[in-house]
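> following is a predicted model, sequence given first.
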Amino acid sequence: MEISKRLQTVASLVRCRSMADIGTDHGYVPLFLWEQKKIDIAFACDINRGPLARAAENIAHMGAADAIQTRLGSGLAPLAAGEAQSVVIAGMGGMLICNILSAHPEVAKAAQEWILSPQHDLEAVRRLVGEMGFVLDTEVMVQEDGKYYHIFRCVKGEPVPQSLAALRYGGHLLEQKDALLWQELQQEETQYKKVIQGLEQQNSTRAAERLAELHEKLAVIEEAKTWYK
């Protein structure tokens, strides 16, 4: 089956034979992995009945019903601890991903790996990964439809202290001098400087607070860019 480059990258990081796809929508990731013979069993989970029904239709159409089960429920709630060795949570906001993992820590920590792709608040996700006894083993970036996506593979391990730039933009990517991350840094820097120009024309407490926030963000970008020298 054909899936987007982003979802192919998500699927490529799954190393375990049993997996759960949280917020599965159409069930594309577990179906792709099953077709590639990369998994033996999967749980396609979603909080909404509509997407889960579409996933069930796709699973039946592909003849994968013996291997892929659909489960209705919020986050990790439909799973028992240890059922899924790999937990995939992709295409959601970072704070929602944090809430899903922390709401059912017994299920999250029983997994061998997490494949996470937050759409924003990446720093919060990286921090929570460490707080829950996991580390980022791999981080990959892809660009699709003009947007940048970060995808993490997290495994059990002892976290080590990281700089703010590494937490915000990804230590692995900075070490590798990742070309897509450089593009993202340049894009963010340009956007922030443009907003700063507008705010400097204003004379309000809120504008001053926002200016301070943006100058802090620019300082972290400058720190991140030093990794490329």
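Great, that's in hand.
> okay, CA-based contacts and neighbour counts for the rest of this
Fine.
> how far away is the most centrally placed residue in the chain from Gly94?
Using Cα atoms, centre = their mean, the residue of the chain that lies closest to the mean C-alpha position is Ser117, 1.6 Å off. From Ser117 over to Gly94 the distance is 8 Å, taken as Cα to Cα, to the nearest Å.
> just Gln36 next, same as before
For Gln36, the distance to Gly94 equals 29 Å [Cα to Cα].
> of the two, who's got more company?
Each of Gln36 and Gly94 had its neighbours counted (other Cα atoms under 10 Å), and the higher figure belongs to Gly94 (21 against 10).
> which residues touch the residue of the chain most remote from its centre?
What lies farthest from the middle of the chain is Asn203; by Cα atoms, centre = their mean that is 38.2 Å. Going by Cα atoms under 8 Å, 6 or more residues apart in numbering, Asn203 touches no other residue.
> could you look up the SS state of it?
coil (DSSP: H, G, I helix; E, B strand; the rest coil).
> can you give me the pLDDT of it?
Listed pLDDT for Asn203 reads 87.
> same question for Phe134.
98.
> who's it bridged to?
In this entry, Phe134 is beta-bridged to Lys156, by DSSP bridges.
> pretty sure it sits against Arg153.
No - with contacts counted by Cα atoms under 8 Å, Phe134 stays clear of Arg153, the gap being 9.9 Å.
> what touches both of those two?
Between them, Phe134 and Arg153 share no contacting residue under Cα under 8 Å, 6+ apart.
> Thr138 in helix, strand or coil?
strand.
> the residue lying closest to it once chain neighbours are set aside in helix, strand or coil?
In space, Thr138 comes closest to Arg153 once its chain neighbours are excluded; the distance is 5.0 Å by Cα to Cα, 6 or more residues apart in numbering. Arg153 falls in the strand class when you classify it by three-state DSSP.
> equivalent analysis for Lys217, please.
For Lys217, the assignment made with three-state DSSP gives helix.
> give me the distance between it and Ile151.
The gap separating Lys217 from Ile151 is 22 Å, by Cα to Cα.
> per-residue pLDDT, Cys45?
pLDDT, Cys45: 98.
> switch to numbering from 599
Renumbered: residue one is now 599, and that last one reads Cys643.
> for the one helix or strand it maps to, packing partners?
In the assignment (DSSP states H and E), Cys643 maps to strand 639-644. If contacts are counted by 3 or more Cα pairs under 8 Å, 6 or more residues apart in numbering; DSSP states H and E, strand 639-644 sits against strand 616-620, helix 626-633, helix 647-660, strand 666-670.
> the third one vs strand 639-644, what angle?
So the one you mean is helix 647-660. On the basis of axes from the mean of the first three to the mean of the last three Cα atoms, to 10 degrees, helix 647-660 is oriented at 150 degrees to strand 639-644.
> which other residues reach helix 647-660?
Residues contacting helix 647-660 (Cα under 8 Å, 6+ apart): 622-626, 629, 642-644, 663, 666, 668-670.
> per-domain residue ranges of this structure.
The domain map for the chain lists 603-757, 778-826, with the assignment taken from automatic domain parsing.
> name the stretch among these that sits most buried.
Ranked by mean neighbour count, the domains of the chain are led by domain 603-757 with a mean of 19 (mean count of other Cα atoms under 10 Å).
> between the two ends of it, what distance do you get?
According to Cα to Cα, domain 603-757 extends 30 Å from its N-terminal end residue to its C-terminal end residue.
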